[in-house]
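give me the fold of what follows.
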Amino acid sequence: MTLAASGPLDAAAAGRLEAASDAVVRHAAEGVGAVVVDLTAVTHLTLEALKPLVSLARACRTAGLEVHVVPSPTARKKIELTGLAEVLQQTS
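The predicted structure is shown next:
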């Protein structure tokens with residue numbers, strides 16, 4: 001299952017991102033083996049938008065799902081600067 005986001009992810013987008021993340025976790029019971037979070041088109045990422053991503057990663061791991069974050073250069077920098085690289089494990 002893939003969750004894709006684009007453009008700026010800020011406080012205004014955080015609510016939508018949280019709702020989408022909740023839907024992904026609900027569908028996890030349907031036999032999904034991994035979740036891909038596609039942030040390749042994200043142009044700006046705030047701390048408010050990182051919160052639902054961290055919650056998604058933790059909930060998926062609790063459910064036994066692998067989580068792969070594919071960040072844009074901007075998103076990668078923010079994830080690394082905030083020290084969340086271990087929680088939001090990134091792939092190229």
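
can you give me the strands for the chain?
Per DSSP state E, the chain carries strands over the ranges 2-9, 34-45, 66-71.

between the helix or strand of the chain with the lowest mean pLDDT and strand 34-45, how big is the angle?
Lowest by mean pLDDT, DSSP states H and E among the helices and strands of the chain is helix 11-27, with a mean of 84. In terms of direction (axes from the mean of the first three to the mean of the last three Cα atoms, to 10 degrees), helix 11-27 departs from strand 34-45 by 180 degrees.

name the helices or strands packed onto helix 11-27?
Packing partners of helix 11-27 (3 or more Cβ pairs under 8 Å, 6 or more residues apart in numbering; DSSP states H and E): strand 2-9, helix 47-62. For the C-beta atoms, the positions are set from N, CA and C on the backbone; glycine is no exception.

go with 6 Å
Applying 3 or more Cβ pairs under 6 Å, 6 or more residues apart in numbering; DSSP states H and E, one finds that helix 11-27 contacts helix 47-62.

so the helix it packs on versus strand 2-9, what angle?
Using the same axes, to 10 degrees, helix 47-62 lies at 170 degrees relative to strand 2-9.
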